[in-house]
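A.B. asks: return a 3D structure for these sequence lines:
(2 chains)
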Amino acid sequence: MNAPTSIHEMKIMNPLPDMGSGPIPVEPYISPEYFEKEKEKIFKRAWINIGRVSAHIPKPGDYMVQELDFLNAPVLMVHGRDGVIRTFYNVCTHRGNSVASGSGNARSAFVCGFHGWAFGLDGSLKTVPSEEQFPGLERSQYGLKPITTEVWKGFIFINAQEKPATSLVDFLGGWGQQMEEMPFDNYAHTGRYTTRLKCNWKAYIDAFQEAYHVGIVHAESLSQLAKQPDMYVPTSMRTYGPHRSISAWMDPKYSPSPAEAIAWKYGASLVNPIESAKPSAAINPSRDGEWWFDINVCFPNFFVDVGTGWYFTYNFFPVSESETVWEVNIYQLHAGTPSQKLSQAHMGVLLRDALYEDLSTMEGVQRGLSSGALKTILPGDFEACIRHQYWAVEQWVNAA
Amino acid sequence: MPKPLPAGFDDLVRFTDKWVLPTEAARHSTRLNSTFEELTDLYDTMLPRMDALITHLDNYKLGEMPEKESNLMDLAFSFMEVTTAVELFKRAGIRGFDPTRLKVWM
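C.D. replies: Below is the predicted model of the structure:
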């Protein structure tokens, strides 16, 4: 029996690169050698998002430590008293101990717990107990080792190169321009989740840049959307060098559940494009009447998904060819009233529980791919983002 | 120990000991460790009260609520927490993924 012809079309809004066609190889998803190449050629060259100021280090003095396996390094993000966001290797320049752990607010210094060396929030070496045993110590040489850091619209990016080939703005290019008008600062940080999964970072990403899975994976959380014809067709796709963006649509005849109806009365939940809550220029680039949200993928591993009254981000931090740390952050318009805040709570719960459904397939996929049973996988026409990611990764891995 | 609620919401006091919780992490954990009957009881009782509850709370400012209103707000957050379980999944737990592997930070 033939499936009905799609009533929606995926508009390709700018020319696609030559990404090839047909099956794509499994090897990049399972090979330790390929992973090493990705670390060298992608993760140590590209601008990598590691956080957002308002979510992770909102106030001067705030700091957060992260283990970044793709850099093989412990990293310290600091919101300086001067307002500057800096990132350092969390490594005491005396004999290598960490100078901070977890997150918090440092009044004026990071004091190493081994011998008491103290570093200012700008990384400079401030105090050395029993300094006389380091005659001629050149303090300026012994500050915390900085990592190149730039902030774009409140998002913190690092680059492993001391002098990156391109600035952050140039790296983001058209992807950044698409969201230039997005008032990210109007949104409060309302949810944060992390998990560690036995899944390759690219296989993990693939699940979130197509709508084909919605009908099956989200049959419970999004049952009405799951039944709408052409759920799997994104309305439009844009590519910006290695970055990409697609838009998802929803059936305007969607009928809310009783709790959802309460949420809709007082705000915008996950599925409800309220006119008044829509930001203006930065969303729905293809101006769809049935628009739901945009999925904006910043190469290599960072998503900024923008809807009505909310946006959320995903970071996929690779640990190995078969393991990834995932971080989700949800942001919603600053709530002015208890009713708005409660409405937003519904959105957060529904999104989180839909994400649990997404998590149900990942490790099975990785197990299947690593078995060697398949030499290739087959992205469909509406899974073009998967093909684009494969193309972009290959470009960077094979670059000189 | 039951926690106090504003006048007119005495019917919800029986839920306060278990469900007045300060964070999403606590509410989520409590939901996962409840029976489906407990979740349904909370949902069925609170659903018809939500409009009255919200009307009452909107007389107050976020972050500046007296204790009784703050308790009512937290109870309403717990209502929202259990809605997906009762309306969509028909179960208290999570299918297909061990929820203890998801760290809820807020």
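
A.B. asks: is chain A contacted by stretch B:74-86?
C.D. replies: Yes: judged by C-beta under 8 Å from any C-beta of the partner chain, stretch B:74-86 and chain A are in contact via B:76, B:77, B:79, B:80, B:81, B:83, B:84. (Each C-beta comes from the backbone N, C-alpha and C, glycine too.)

A.B. asks: show me those that map onto helices.
C.D. replies: B:76, B:77, B:79, B:80, B:81, B:83, B:84 (DSSP state H).

A.B. asks: residue A:341 and residue B:63 touch, don't they?
C.D. replies: No: look at residue A:341 against residue B:63 with C-beta atoms under 8 Å: they stay out of range, at 10.0 Å.

A.B. asks: which of the two has more residues huddled nearby?
C.D. replies: residue A:341 (23 against 7; other C-beta atoms under 10 Å in any protein chain shown).

A.B. asks: the nearest residue to the more buried one once chain neighbours are set aside: what's it in contact with?
C.D. replies: Of all residues not flanking residue A:341 in the chain, residue A:335 sits nearest, at 4.1 Å (C-beta to C-beta, 6 or more residues apart in numbering or on different chains). If you count contacts by C-beta atoms under 8 Å, 6 or more residues apart in numbering or on different chains, residue A:335 has them with A:188, A:267, A:341, A:344, B:62.

A.B. asks: just the buried members of the residues you listed?
C.D. replies: A:267, A:341, A:344 (16 or more other C-beta atoms under 10 Å in any protein chain shown).

A.B. asks: tell me the pLDDT at the second one?
C.D. replies: Just to be clear, that refers to residue A:341. Looking at residue A:341, its pLDDT reads 97.

A.B. asks: element containing it?
C.D. replies: helix A:338-370 (DSSP states H and E).

A.B. asks: residues in contact with the next helix or strand after that helix?
C.D. replies: Where DSSP H and E defines the elements, the next helix or strand beyond helix A:338-370 is strand A:376-377. For strand A:376-377, the external contacting residues (C-beta under 8 Å, 6+ apart) are A:23, A:24, A:25, A:26, A:369.

A.B. asks: just the buried residues from these, in PyMOL please.
C.D. replies: Buried subset of the contacts of strand A:376-377, written as a PyMOL selection, criterion 16+ other C-beta under 10 Å:
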select buried, chain A and resi 24+26+369
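
A.B. asks: what about the strands in the stretch 51-200 of chain A?
C.D. replies: Taking DSSP state E, counting those that start in this stretch, the strands of the stretch 51-200 of chain A run over residues A:62-68, A:73-79, A:85-89, A:103-105, A:109-111, A:118-120, A:125-127, A:146-152, A:155-159, A:187-197.

A.B. asks: between those, which one is closest to chain B.
C.D. replies: Chain B lies closest, by C-beta to the nearest C-beta, to one member of the strands of the stretch 51-200 of chain A: strand A:187-197, at 3.9 Å.

A.B. asks: check which helices and strands the helix or strand that that closest one is followed by sits against.
C.D. replies: Note on strand A:187-197: by DSSP H and E, the next helix or strand toward the C-terminus is helix A:201-206. Identification of packing neighbours for helix A:201-206 by 3 or more C-beta pairs under 8 Å, 6 or more residues apart in numbering or on different chains; DSSP states H and E yields helix A:27-30, strand A:310-320, strand A:323-333, helix A:338-370, helix A:384-397.

A.B. asks: which elements pack onto the next helix or strand after helix A:201-206?
C.D. replies: As assigned by DSSP H and E, the chain's next helix or strand after helix A:201-206 is helix A:214-217. Secondary-structure packing of helix A:214-217 (3+ C-beta pairs under 8 Å, 6+ apart): helix A:223-227, helix A:338-370.

A.B. asks: tell me which of the ones in helices among the residues of stretch B:74-86 next to chain A is nearest to residue A:320?
C.D. replies: Nearest to residue A:320 among these: residue B:84, at 33.1 Å, using C-beta to C-beta.

A.B. asks: which residue sits closest to the closest one, ignoring its sequence neighbours?
C.D. replies: Leaving aside its sequence neighbours, residue B:84 sits nearest to residue A:353 (C-beta to C-beta, 6+ apart; 4.6 Å).

A.B. asks: same check, this time on residue A:195
C.D. replies: Closest residue in space to residue A:195, ignoring its immediate chain neighbours: residue B:102 at 4.9 Å, by C-beta to C-beta, 6+ apart.

A.B. asks: from residue A:123, how far out is that neighbour?
C.D. replies: Noted for residue B:102: a distance of 34 Å to residue A:123, by C-beta to C-beta, to the nearest Å.

A.B. asks: if we can go back for a sec, just send the residues of stretch B:74-86 next to chain A back as JSON lines, with neighbour count and pLDDT too.
C.D. replies: Shown next, in JSON lines, are those (neighbours: other C-beta atoms under 10 Å in any protein chain shown; pLDDT from 0 to 100):
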{"residue": "B:76", "neighbour count": "24", "pLDDT": "98"}
{"residue": "B:77", "neighbour count": "23", "pLDDT": "98"}
{"residue": "B:79", "neighbour count": "27", "pLDDT": "98"}
{"residue": "B:80", "neighbour count": "25", "pLDDT": "98"}
{"residue": "B:81", "neighbour count": "27", "pLDDT": "98"}
{"residue": "B:83", "neighbour count": "26", "pLDDT": "98"}
{"residue": "B:84", "neighbour count": "24", "pLDDT": "98"}
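
A.B. asks: now, among those residues, which is nearest to residue A:32?
C.D. replies: Checking these against residue A:32 by C-beta to C-beta gives residue B:84 as the nearest, at 38.9 Å.

A.B. asks: okay, that closest one and residue A:219: tell me how far apart.
C.D. replies: From residue B:84 over to residue A:219 the distance is 14 Å, taken as C-beta to C-beta.

A.B. asks: part of a strand, is residue B:73?
C.D. replies: No: going by DSSP: H, G, I helix; E, B strand; the rest coil, the assignment for residue B:73 is helix, not a strand.

A.B. asks: contact partners for the residue nearest to residue A:195?
C.D. replies: Counting by C-beta under 8 Å, 6+ apart, residue B:102 has contacts A:193, A:194, A:195, A:356, A:359.

A.B. asks: biggest separation within these, which pair?
C.D. replies: Every pair of those checked by C-beta to C-beta; the farthest is A:194 and A:356, at 13.7 Å.

A.B. asks: distance from the chain centre to stretch A:188-198, please.
C.D. replies: 10 Å (C-alpha atoms, centre = their mean, to the nearest Å).

A.B. asks: need the residues of chain B near chain A, please.
C.D. replies: B:24, B:28, B:43, B:47, B:50-51, B:54, B:57-58, B:60, B:62, B:65, B:73, B:76-77, B:79-81, B:83-84, B:87-89, B:94-97, B:99, B:101-106.
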